[in-house]
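# next comes the sequence, and after it the predicted model I'd like to discuss.
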Amino acid sequence: MSKPFMHFNNLTMSFTTRKETVTAVCDFDLKVDKGQVVSLVGASGCGKTTVLNAAAGFLLPTTGEVLLEGEKITAIEPRCGMVFQSYALFPWLTVKDNVAFGLKMKGLSRKQRHLEAQKYIELVGLKAFANAYPSELSGGMCQRVAICRALANKTDVLLCDEPFAALDAMTRQVMQQELLSIVQKSQQTVLFITHSIDEALIISDTIVVMSARPGRVKTMIDVKLPRPRDVNVQLTKDYIDLKKSIWDMVEEEVRSSLKLTKRAGMGQD
Ligand SMILES: Nc1ncnc2c1ncn2[C@@H]1O[C@H](COP(=O)(O)OP(=O)(O)OP(=O)(O)O)[C@@H](O)[C@H]1O
C-alpha cells in the first residue's frame with residue numbers, strides 16, 4: 001500500500017508548565033491524501049491548534065510523529081504554510097510587501113513578487129489598499145492579507161487556524177469559495193480548524209471530530225455532498241442531517257470538556 005501524503009502517527013503532545021503537565025493531544029492518528037481539504041472540529045481546548053503546530057514543525061511531538069510524504073517533520077517545515085487566528089502581519093511592511101514576503105525567501109525578483117502579490121490582493125478585494133500599512137486596515141482586512149500571504153506562497157500544505165473567524169458573514173462565504181477554487185487548481189492539501197460546522201461542511205472533503213482534551217480522533221466523516229455547496233445544497237435533507245449528527249458529536253465533547261474544566265477549577269482533576 002502506498003504511503004499517505006501526510007500522517008499523524010499516534011501523535012501525543014504534552015506541555016509542562018511550572019504547575020502541571022497538560023496532555024493536549026493523545027494518540028492522534030490521521031492520514032491525509034494529497035489535495036484533500038480536512039477540517040478539525042471540537043471543543044475549545046481539545047488540541048486543534050496543537051495538531052497544526054506539530055504539522056508546521058513549530059512544536060515537536062512528545063511521542064509519535066508527523067510524516068509528510070513519508071518524512072518525519074523535525075523542524076519548521078517549509079512545505080507547510082500557516083494562516084494564524086491572529087493575522088501576524090509585519091506592521092512595518094505595506095500590504096503588498098507583507099504578501100510578497102515569502103516570495104522573497106523563494107528567490108523571486110522584485111517585479112515577479114509584486115505581480116504575484118498583486119494577483120492575490122485583487123482576489124480578496126484589497127487592490128486599493130496595496131500600499132497601506134496593517135495599522136490602516138480593519139481586522140477583517142488584515143485577516144484577508146494574511147490569507148493572501150499564505151496562498152501566494154503556494155506551499156504543498158496550507159494549515160489554517162480559524163482563518164475566517166474575524167470576517168463578516170458575506171466576505172467569509174466568498175473567501176471559502178475562493179480558497180477552494182485556489183487549492184483545487186494548485187492541488188494544495190488543507191488542514192482547516194473551524195468552530196463553524198457549516199463552514200466545515202461547505203469546504204471539507206473530510207471532517208475530523210476531535211474528543212475533548214486530550215484530543216484524539218473521535219470520528220472521521222467523508223463529506224459526499226455535491227460541490228459547490230451553495231445555499232441549494234445547504235437546504236437539502238442530506239446536509240441538514242449531516243449537520244445535526246456532527247453537532248450532536250461536538251456537543252457531547254463540549255459538555256465533557258466543560259465538566260473537565262469545572263472539575264479542574266475546583267481542584268479535583
Ligand atoms: N504552550 C503551551 N503551554 C501549556 N499549555 C498549552 C500550550 N499550548 C496549548 N496548551 C494547552 O493545550 C490544550 C490545547 O490547546 P489548543 O490551543 O491546541 O486547543 P484548541 O482546540 O486549538 O483550542 P481553541 O479552539 O480554544 O483555540 C489547552 O488546554 C491549552 O491550554
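Cool, the structure landed. Numbering: from 1, shown residues only.
# which parts of this structure are helices?
In the chain, the helices defined using DSSP state H lie at 48-56, 95-105, 110-123, 139-153, 169-186, 197-203, 231-234, 237-265.
# which residues sit in contact with residue 246?
Counting by C-beta atoms under 8 Å, 6 or more residues apart in numbering, residue 246 touches 41, 197, 200, 201, 207, 209, 221. Placement of C-beta: from N, CA and C, glycine included.
# check the residues you listed and tell me the two furthest apart.
Farthest pair in the contacts of residue 246 (C-beta to C-beta) is 201 and 209. Separation: 12.2 Å.
# show the model's pLDDT score for the nearest residue in space to residue 94 that is not next to it in sequence.
What sits nearest to residue 94 in space, not counting adjacent residues and going by C-beta to C-beta, 6 or more residues apart in numbering, is residue 131, at 5.1 Å. Residue 131 carries a pLDDT value of 96.
# next, give phi and psi for residue 131.
Dihedral pair for residue 131: phi -100, psi 10, per degrees, to the nearest 10.
# for the ligand, find the nearest of the helices of the chain.
Among the helices of the chain, the nearest to the ligand by C-beta to the nearest ligand atom is helix 48-56 (3.3 Å).
# picking up where we left off before, distance to the ligand added to the helices of the chain, as a markdown table?
Below are these laid out as a markdown table (distance: least, C-beta to the nearest ligand atom, whole Å):
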| stretch | distance to the ligand |
| --- | --- |
| helix 48-56 | 3 |
| helix 95-105 | 24 |
| helix 110-123 | 26 |
| helix 139-153 | 15 |
| helix 169-186 | 17 |
| helix 197-203 | 13 |
| helix 231-234 | 24 |
| helix 237-265 | 9 |
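# kindly reformat those as JSON lines containing mean pLDDT.
Shown next, in JSON lines, are these (pLDDT from 0 to 100):
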{"stretch": "helix 48-56", "mean pLDDT": "97"}
{"stretch": "helix 95-105", "mean pLDDT": "89"}
{"stretch": "helix 110-123", "mean pLDDT": "90"}
{"stretch": "helix 139-153", "mean pLDDT": "86"}
{"stretch": "helix 169-186", "mean pLDDT": "85"}
{"stretch": "helix 197-203", "mean pLDDT": "96"}
{"stretch": "helix 231-234", "mean pLDDT": "91"}
{"stretch": "helix 237-265", "mean pLDDT": "87"}
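# turn those into a markdown table, columns for distance to residue 71.
Converted to a markdown table, the helices of the chain look like this (distance: least, C-beta to C-beta, whole Å):
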| stretch | distance to residue 71 |
| --- | --- |
| helix 48-56 | 13 |
| helix 95-105 | 21 |
| helix 110-123 | 28 |
| helix 139-153 | 20 |
| helix 169-186 | 21 |
| helix 197-203 | 27 |
| helix 231-234 | 38 |
| helix 237-265 | 32 |
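# buried set for stretch 154-172?
Buried residues in stretch 154-172, counting neighbours by 16 or more other C-beta atoms under 10 Å, are found at 154-164, 166-167, 171-172.
# which of those residues scores worst on pLDDT?
Among these, residue 166 has the lowest pLDDT, at 80.
# what distance do you get for residue 70 to residue 172?
Taking C-beta to C-beta, to the nearest Å as the measure, residue 70 falls 36 Å from residue 172.
# ditto for residue 33
Distance of residue 33 to residue 172, given as C-beta to C-beta: 26 Å.
# now residue 16
Per C-beta to C-beta, residue 16 is found 37 Å from residue 172.
# which single residue in the stretch 101-250 of the chain comes nearest to the ligand?
Nearest residue of the stretch 101-250 of the chain to the ligand (C-beta to the nearest ligand atom) works out as residue 213 at 5.5 Å.
# I figured that residue hits residue 49, correct?
No: counting by C-beta atoms under 8 Å, residue 213 sits too far from residue 49 to count as a contact (11.9 Å).
# okay, those two: which has more neighbours?
Legend: neighbour count by other C-beta atoms under 10 Å for residue 213 and residue 49, higher for residue 213 (24 against 20).
# phi, psi for that one please.
The phi and psi torsions at residue 213 (degrees, to the nearest 10) take the values phi -50, psi 140.
# check it and give its pLDDT.
Residue 213 is given a pLDDT of 93.
# against residue 254, how distant is the residue positioned nearest the centre of the chain?
Nearest residue to the geometric centre of the chain (C-alpha atoms, centre = their mean): residue 160, 2.2 Å. Here residue 160 is placed at a distance of 21 Å from residue 254 (C-beta to C-beta).
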